[in-house]
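> model this:
(chains A and B)
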Amino acid sequence: EPEVTQTPSHQVTQMGQEVILRCVPISNHLYFYWYRQILGQKVEFLVSFYNNEISEKSEIFDDQFSVERPDGSNFTLKIRSTKLEDSAMYFCASRKSTGQATEQYFGPGTRLTVT
Amino acid sequence: QKEVEQNSGPLSVPEGAIASLNCTYSDRGSQSFFWYRQYSGKSPELIMFIYSNGDKEDGRFTAQLNKASQYVSLLIRDSQPSDSATYLCAVKGSYDKVIFGPGTSLSVIP
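As a prediction, this is how the structure comes out:
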């Protein structure tokens, strides 16, 4: 069964550094998402992406964040200058189509630790 | 602020019993409703989705939706120890954005 994959599984970085988290969505999916989950807290929506454009973003997704689909398979989240409070699990998700079939499938996540 | 609320638990049920998980949401324009299961340290795993009022059954799981009351529930029949996890209710409105509740921790006691 096709799955969303994410790399790396764990990323440690120093405050102020740039990080890029990578995702390979399910191959016939058209909509892509990033979520984060701070330890012990709820899953929070960051951004949705369709047809090479951001379709929706949350208040968390400020100018420090960007997303890109650099080729036909990868979907990346870049954090330009990491802060301690960016430490969290970052999940990529994808879904297939428009209309009512809106269920999203999650990747295994990247644990980001900012020191 | 659009919110999704769940009892945090923990909810403890004996093996073989029915576990009942509840969720309320504030956005009347919400269109799609999801239940995810999350084991500790893992990603959310989709177990049920429902779009219309009423019940939807899939194996041991039944999702119930009442849009007038802005209420979604998940019933797990014949609960197993492997069902012990946090259950996340998630709601999609008219925009392409899914809001998650804080989750209910379920513990199935052998």
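> contacts only, for A:I54.
A:V47, A:S48, A:V67 (C-beta atoms under 8 Å, 6 or more residues apart in numbering or on different chains). (C-beta placed from N, C-alpha, C; glycine too.)
> show the model's pLDDT score for the second one.
The reference is to A:S48. The model reports A:S48 with a pLDDT of 94.
> list the strands paired with the one helix or strand it maps to, with their directions.
Per DSSP states H and E: A:S48 is located in strand A:44-50. Neighbouring strands of strand A:44-50 in its sheet, by DSSP bridges, are strand A:31-37 (antiparallel), strand A:53-57 (antiparallel).
> now the first one, how far from the centre of its chain.
Same thing as strand A:31-37. Relative to its chain's centre, strand A:31-37 lies at 4 Å (C-alpha atoms, centre = their mean, to the nearest Å).
> same question for the last one.
On the basis of C-alpha atoms, centre = their mean, strand A:53-57 is displaced by 12 Å from the centre of the chain it belongs to.
> please name the bridge partners of the most centrally placed residue in chain A.
Centroid-nearest residue in chain A, with C-alpha atoms, centre = their mean: A:W34, separated by 2.9 Å. When bridges are called by DSSP bridges, A:W34 pairs up with A:V47, A:C92.
> now do it, the pLDDT please.
Reported pLDDT for A:W34: 98.
> still on that earlier bit, which one, of the strands paired with strand A:44-50, ends up nearest to A:F91?
Closest to A:F91 of the strands paired with strand A:44-50 is strand A:31-37 (C-beta to C-beta; 4.6 Å).
> what lies in contact with that closest one?
Applying C-beta under 8 Å, 6+ apart, the set of residues contacting strand A:31-37 is A:21, A:23, A:25, A:43-50, A:55, A:60, A:67, A:69, A:75, A:77, A:88-96, A:104, A:106, A:109, B:96, B:98, B:100.
> what residues does chain A have near chain B?
A:31, A:33, A:35, A:41-45, A:48, A:50, A:55-56, A:58, A:89, A:91, A:100, A:102-109 (C-beta under 8 Å from any C-beta of the partner chain).
> hang on, the earlier thing: dump the contacts of A:I54 to JSON lines, plus neighbour count.
What follows is the contacts of A:I54, written out as JSON lines (neighbours: other C-beta atoms under 10 Å in any protein chain shown):
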{"residue": "A:V47", "neighbour count": "21"}
{"residue": "A:S48", "neighbour count": "24"}
{"residue": "A:V67", "neighbour count": "22"}
